[in-house]
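Q: sequence first, then the predicted structure, then my questions.
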Amino acid sequence: MKRFSLFIALALLVVVQQTATAQQRPNFLVIQCDDLGYGDLECYGHPAIKTPNLNRLASQGVRFTSCYSAAPVCSPSRAGLVTGQTPTQVGIYDWIPGGSPMHVQASEITVAKLLKEAGYHTGLFGKWHCNGMFNSPQQPQPGDLGFEYWFATQNNASPSHEKPVNFVRNGEKVGPTSDFSCQVVAGEAGHWLEEIQDDGKPFFALVTFHEPHEPIASPDDLVKTYPDADKKGEALYYANVTNMDRAVGRLMQTIDKLGLADDTLVLFTSDNGPETLNRYPNAWRSHGSPGPLRGMKLHIYEGGIRVPGIARFPGKLEAGTESDVPVCSLDILPTFCELAGAEIPAGAKLDGTSLVGLMRGEPIERAKPLFWHYYRAFHNAKVAVRDGDWKLVALWDQGEVKPGAAYHKGDYSKIKDAKFTAFELYNLTEDIGETKDVSADHPEIVGRLKKALLEKYDEATANAPDWFAEAK
């Protein structure tokens, strides 16, 4: 594949945005998987999993090699995507169990709200996981955060991916379904796309597949295509990713059939790195791969946050190319809003950066480095920043906090009072696997990035809510 600066190749989009009428502005389709690892796709080097539709999508557009999620775990990652803010800043510290007081508040700006206000149709299809009291007036629901139409679950597809029964459509329970979750979601999104086509408005659709998160279930015909997968649950996992790939193919066929391909920017990505096999008993089917990266889901190292990323926009993005420019799901809100002509409120504390400047051949001008925080990350590495080639990882003084247990009483003080006692520095261009800490060799870089990291940490935690205090 040819390498190039991705967003330079997007230069024609600026002309489109500056001259288009409301009806001609770009459509946006974001497809997000759940626990899909950096190395889980055929076009990212997986030796066994077949993903022909995503291979085709990559051949039609751009494959990111430094694409990041907002966090190494589901709810914070999703909150970051929809708000454009570091998840800690909006109070989403960990995954959200059912009944939890934690939620994205109605006062937050979201990409769906801003695009809706600018005249876009907005729809959500799949996993929501941005509140604990799902489909309840006690907390904001997708419709309160800008999605005019929503077909979603609170967290996982239940009882598994096969024939889930827990979808809700615009506040009404759907009941039993008759297919695998990704196909149910793709079918609903396709139906919505066909319905809105005659309206003349541009659209923003957020499609959030449950696959390949546990509890995994996969079609038998696909499981049988992996006879050489001899580890327990391995064929189920591989088939699960391939079934998701089929669902992506359905969506692309719908876009193409409706004549929307040339007017639609499609982004495909994942919410975090792959699940580990040894975290809990039901994870025996989780055979995801971080590829060459260190760590997996729940790690602040690259395997937890660097994810697949593919973009397609025929005629605007050069087909069959790749980019190593660091980009993040936090960038979606400011980038989409600029392309759509949607106004971002003055004083919004965004952590993402509009990438439209690069469409004019300019480098990304980030006011601050990319930043990640997850207080329950494995070991003591809890915070990181990336600036260009360099990544600084911060270790805290609060001791080990068990990963994956969700946010509990007493955790707030750990987050607010944390002190960082050691720092690791990696050159990701030379050492993608983060195998060599070079902090001793570059004290000036450590000092600069440490200052930026601590300043952002203080900013992110300054007004972060204590959910259990507020629930009293």
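A: Sure thing, it's come through.

Q: wait, doesn't residue 169 sit right on residue 151?
A: Yes - using Cβ atoms under 8 Å, residue 169 makes contact with residue 151 at a distance of 4.8 Å. All C-beta spots, glycine's among them, are computed from the backbone N, C-alpha and C.

Q: shared neighbours, these two?
A: Shared contacts of residue 169 and residue 151, defined by Cβ atoms under 8 Å, 6 or more residues apart in numbering, are found at residue 188.

Q: neighbour count winner among the two?
A: Set residue 169 next to residue 151 and count neighbours by other Cβ atoms under 10 Å: residue 151 wins out with 24 against 13.

Q: helix or strand for that one, which one?
A: strand 149-153 (DSSP states H and E).

Q: show me what the one helix or strand residue 251 maps to packs onto, helices and strands only.
A: Using DSSP H and E, residue 251 sits in helix 234-257. Judged by 3 or more Cβ pairs under 8 Å, 6 or more residues apart in numbering; DSSP states H and E, the packing partners of helix 234-257 are strand 27-33, helix 52-60, helix 181-196, helix 220-223, strand 264-270.

Q: tell me who's in contact with the nearest residue to residue 382 once chain neighbours are set aside.
A: Excluding the flanking residues, the one nearest residue 382 by Cβ to Cβ, 6 or more residues apart in numbering is residue 396, at 4.9 Å. Going by Cβ under 8 Å, 6+ apart, residue 396 touches 375, 380, 382, 383, 418, 419, 420, 421.

Q: quick one, strands of the stretch 51-200 of the chain?
A: All strands of the stretch 51-200 of the chain, identified by DSSP state E, counting those that start in this stretch, fall at 62-68, 121-127, 149-153, 168-169, 172-173.

Q: return the most buried member of those.
A: strand 121-127 (a mean of 26; mean count of other Cβ atoms under 10 Å).

Q: distance between it and the chain's centre?
A: With Cα atoms, centre = their mean, to the nearest Å as the basis, strand 121-127 stands 14 Å off its chain's centre.

Q: got a list of contacts for that strand?
A: With Cβ under 8 Å, 6+ apart, strand 121-127 has contacts from 32, 34, 74, 78, 112, 115-116, 142, 146-153, 155-157, 181, 185-186, 188-189, 192, 196, 199, 201-210.

Q: now, of these, which are buried?
A: 32, 34, 74, 78, 112, 115-116, 142, 146-153, 155-157, 181, 185-186, 188-189, 192, 196, 202-210 (16 or more other Cβ atoms under 10 Å).

Q: now the spatially most central residue of the chain: closest residue in space that isn't a chain neighbour?
A: Most central in the chain under Cα atoms, centre = their mean is residue 271, positioned 3.5 Å from the mean C-alpha point. The shortest distance from residue 271 to any residue other than its chain neighbours is 4.2 Å, reached at residue 77 (Cβ to Cβ, 6+ apart).

Q: what is the neighbour count of the one you found?
A: With other Cβ under 10 Å as criterion, residue 77 counts 30.

Q: wait, it sits on residue 273?
A: No - Residue 77 lies out of contact with residue 273 (Cβ under 8 Å); the separation is 10.2 Å.

Q: need the helices and strands packed on helix 234-257 in JSON lines (columns: distance to residue 466).
A: Putting the helices and strands packed on helix 234-257 into JSON lines (distance: least, Cβ to Cβ, whole Å) gives the following:
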{"stretch": "strand 27-33", "distance to residue 466": "29"}
{"stretch": "helix 52-60", "distance to residue 466": "41"}
{"stretch": "helix 181-196", "distance to residue 466": "34"}
{"stretch": "helix 220-223", "distance to residue 466": "45"}
{"stretch": "strand 264-270", "distance to residue 466": "30"}
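
Q: just send the ones you listed back as TSV, with mean pLDDT too.
A: Below are the helices and strands packed on helix 234-257 laid out as TSV (pLDDT from 0 to 100):
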stretch	mean pLDDT
strand 27-33	98
helix 52-60	97
helix 181-196	95
helix 220-223	98
strand 264-270	96
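
Q: looking at the ones you listed, which is closest to residue 248?
A: Among the helices and strands packed on helix 234-257, the nearest to residue 248 by Cβ to Cβ is helix 52-60 (4.9 Å).

Q: all the helices of this protein, in order from the start?
A: 11-19, 52-60, 74-83, 111-117, 181-196, 220-223, 234-257, 302-305, 332-340, 356-359, 411-417, 443-462, 467-470 (DSSP state H).
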